[in-house]
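Chemist: How does the following fold in three dimensions:
(2 chains)
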Amino acid sequence: MKKSCSSQDRSDRSPVGVEVVGLSKNYGTQTVLKNVSLSIKPSEIFVIMGPSGSGKSVLLRHIAGLEAPTGGTVRINGLDPTDPETRDRFAVALVFQAGALFNSLSVYDNLALYPLEHRLCPKPQIRDRVMRALKILSLENAAKKFPSELSGGMKKRVAIARALVMEPQLLLYDEPTSELDPVMSATIIEIIATLKQEFQVTTVVVSHDRDLALTIGDRVAILMKGELRTISTATELRHNTDPDVIDFLNPKIDLKNPRYQKLEVS
Amino acid sequence: MKYTQPLFESIGSAVLLAYRAFASLPTAPRIIKRVVEQAYLGGYSTIPIVAILSFFIGAVLALQSGISLQNFGAKQLIGTLVGETLVRELGPVMVAILLAGRVGSATTAELASMKVYQEVDALVTMNIPPERFLVLPRLMAVLLYMPIITMIGIVIGWFGGAIVCQYVAFIDVDAEQYFTNLTQFMTMRKVFDGLIKAEIFGFVVMLIACNTGLRTRGGPREIGFAVTRSVVVSLLSILILDYFITKALA
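Modeler: Numbering: from 1, shown residues only, chains lettered A, B, ... in the order given. Got it, this is the predicted structure:
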């Protein structure tokens, strides 16, 4: 599939689907993912939730092609995401939890890197493409800044803008609202929903954020201790009867819990 | 087995890294800007320290050989001794050691932090091979600047020796006689041998630095360990390779 320079010929860059079948991952003796199978449809927002250490980010890294499975398969439109040919064929963008911006490059150069390296179009058109992405994320004034000069929220938005410049067919977010204040979290959630609506891009979001999952997720998967517990729509998830899922989605803070009493200084 | 397996793993990954980097050589025109940038950072910026180091190495060599040779009445051979030692041995080795300490350590630190903070992963997801984007420009740059800075170091070392010969009273060999002796036995072959050594040392140091940086796992603490490992392995490699290259060129 030929890469486009402008978003106008998006018709030949249709969103992709993801198939994960029996995925297992071990690091030495530690099992991180156990026989995970799921299917992500083109153009949907698929949210993967779960407690810390449940293997969400590892699953996302497999979908991005950054990790090879110990067992099972991951396929993007039937192709192996770890194969550079697949990455060449489908634009898959990953928004990292900490942004992973190139610190030695300005915001503009961070965004222009992908089209420049792949020689997608002439420099003036690359500039238009970068400026358009910056405008969508309200970052026009940050173009000349370096990542070290940006706040956490701005870094996340730059990371999303960088992904947007790739005109991805599959857009992956790793904890997009972590470490952000509620207002900035809401902004990021709106951006994710808008981008999906605008570009019909298949979106996979890994998050702890219940509001994010239930607000914008077309379907939500819950991962616990490396095992997939459920995949359902937001409405179905609210009525889930699995006690672990209920506890995870509705955590109760009980200050009379004996666990906290032990901390009291007598 | 405990030590040999990681050793062979490192050698294997370094060879693979070099192969992957040079496999993307056809894309070299698009990385010229980064090659120039790396040549500036690694080569041009290193010249002042190479100059200072080489000047004093040449000076000390002249001083030491002056003390020894005057006992045999062979002070006029100081030029030959300083010239040959710098060209064939000390010039390439000292510049390579300097490269390992200054440029190699910085390269490892930069690539290791890029790895730890997922910038390398970001490149992979953009389908920009790190070997092409990060490694090839550095390898090409070191191959360009290493013979140049080594030659600059050698010539400045010669002048360091000349100044000692001219102005240290007990040596009392004038600069003209020093350079006449130096050039008398100097051949292009010897200079060429020295530059081949420099080229190999430079390539190996940069490859070790890149490989160690890109193999870093974990957090910020590992970046420090990676830098130490890179410098130690580079220094050992320079000295071990020096023996074998000298033997091969003899």
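Chemist: What residues sit buried inside stretch B:212-219?
Modeler: Within stretch B:212-219, the residues scored as buried using 16 or more other CB atoms under 10 Å in any protein chain shown are B:Thr212, B:Gly213, B:Leu214, B:Arg215, B:Thr216. C-beta coordinates here come from the backbone N, C-alpha and C atoms, glycine included.
Chemist: Run the contact check for that stretch versus chain A.
Modeler: No: Stretch B:212-219 does not reach chain A (CB under 8 Å from any CB of the partner chain); its nearest approach is 10.6 Å.
Chemist: And that stretch, how far out from the chain middle?
Modeler: Mean-position distance between stretch B:212-219 and its chain equals 23 Å (CA atoms, centre = their mean, to the nearest Å).
Chemist: What pLDDT is listed against residue 4?
Modeler: Picked chain A for this. Per-residue pLDDT puts A:Ser4 at 54.
Chemist: wait, I meant chain B there
Modeler: Reading off the confidence values, B:Thr4 has pLDDT 85.
Chemist: Could you tell me how far it is located from chain A?
Modeler: Relative to chain A, B:Thr4 is positioned 20 Å away (criterion: CB to the nearest CB, to the nearest Å).
Chemist: Low-confidence bits of the chain, can you list those?
Modeler: Just going to use chain A. Applying pLDDT under 70 to chain A picks out residues A:1-12, A:259-266.
Chemist: Chain B, not that one
Modeler: B:1.
Chemist: repeat that with 80
Modeler: Within chain B, the stretches with pLDDT under 80 are B:1-3, B:28, B:73.
Chemist: got a list of what the residue nearest the centre of it touches?
Modeler: Residue closest to the average C-alpha location in chain B (CA atoms, centre = their mean): B:Ala96, at 2.2 Å. By CB atoms under 8 Å, 6 or more residues apart in numbering or on different chains, the residues touching B:Ala96 are B:Met146, B:Ala198, B:Phe201, B:Gly202, B:Val205, B:Ile238.
Chemist: at 6 Å what do you get?
Modeler: B:Phe201, B:Val205, B:Ile238 (CB atoms under 6 Å, 6 or more residues apart in numbering or on different chains).
Chemist: Just give me the neighbour total for the last one.
Modeler: Yep, that's B:Ile238 we're talking about. By the criterion of other CB atoms under 10 Å in any protein chain shown, B:Ile238 has 23 neighbours.
Chemist: Buried residues of the helix or strand where it lies, list them for me.
Modeler: Under the criterion of DSSP states H and E, B:Ile238 resides in helix B:220-249. If you call a residue buried by 16+ other CB under 10 Å, then helix B:220-249 has these buried ones: B:222-223, B:226-227, B:229-231, B:233-235, B:237-238, B:241-242, B:245.
Chemist: Against A:Ile216, how distant is A:Ala234?
Modeler: For A:Ala234, the distance to A:Ile216 (CB to CB, to the nearest Å) stands at 9 Å.
Chemist: Compare the two (neighbour count), which wins?
Modeler: Neighbour tally, A:Ala234 and A:Ile216, criterion other CB under 10 Å: the higher count belongs to A:Ile216, 20 against 16.
Chemist: Let me know whether the more buried one touches A:Ile45 as I believe.
Modeler: Yes: between A:Ile216 and A:Ile45 there is a contact under CB atoms under 6 Å: 5.4 Å.
Chemist: circling back to that earlier point, what would the buried residues of stretch B:212-219 look like in a markdown table with secondary structure?
Modeler: A markdown table is the format used below for those (DSSP: H, G, I helix; E, B strand; the rest coil):
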| residue | secondary structure |
| --- | --- |
| B:Thr212 | helix |
| B:Gly213 | helix |
| B:Leu214 | helix |
| B:Arg215 | coil |
| B:Thr216 | coil |
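Chemist: Longest helix in chain B, please.
Modeler: helix B:136-167 (DSSP state H).
Chemist: buried set for that one?
Modeler: B:136-147, B:149-166.
Chemist: And the contacts of whichever strand or helix holds A:Leu214?
Modeler: For A:Leu214, the host element (DSSP H and E) is helix A:210-216. By CB under 6 Å, 6+ apart, the surrounding residues in contact with helix A:210-216 are A:Ile45, A:Val47, A:Met49, A:Thr177, A:Ile189, A:Ala193, A:Val220, A:Ala234, A:Leu249.
Chemist: gap between the third one and A:Leu237?
Modeler: Taking CB to CB as the criterion, A:Met49 is separated from A:Leu237 by 9 Å.
Chemist: what about these two, which has more around it?
Modeler: A:Met49 (27 against 22).
Chemist: Which phi and psi values does that one adopt?
Modeler: phi -110, psi 170 (degrees, to the nearest 10).
Chemist: try A:Glu44
Modeler: phi -100, psi 160.
Chemist: quick one: it and A:Val220 touch, right?
Modeler: No: with contact defined as CB under 6 Å, A:Glu44 does not reach A:Val220; the gap is 11.0 Å.
Chemist: Give the closest residue to A:Leu105 in space, chain neighbours not counted.
Modeler: A:Leu113 (6.9 Å; CB to CB, 6 or more residues apart in numbering or on different chains).
Chemist: any idea how far A:Leu150 is from the residue positioned nearest the centre of chain A?
Modeler: Central residue of chain A (CA atoms, centre = their mean): A:Tyr173, 1.2 Å from the mean position. Relative to A:Leu150, A:Tyr173 is positioned 18 Å away (CB to CB).
Chemist: Now a PyMOL select for only the buried ones of the contacts of helix A:210-216.
Modeler: Applied in PyMOL, the following selects the buried portion of those according to 16+ other CB under 10 Å:
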select buried, chain A and resi 45+47+49+177+189+193+220+234+249
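Chemist: Just the contacts of helix A:210-216: which are in strands?
Modeler: Within these, residues falling in strands by DSSP state E are A:Ile45, A:Val47, A:Met49, A:Val220.
Chemist: Show me the helices in the stretch 101-250 of chain A, by range?
Modeler: Taking DSSP state H, counting those that start in this stretch as the criterion, the stretch 101-250 of chain A contains helices spanning A:107-117, A:123-136, A:152-165, A:182-199, A:210-216, A:234-238, A:243-249.
Chemist: Good, we can wrap up now.
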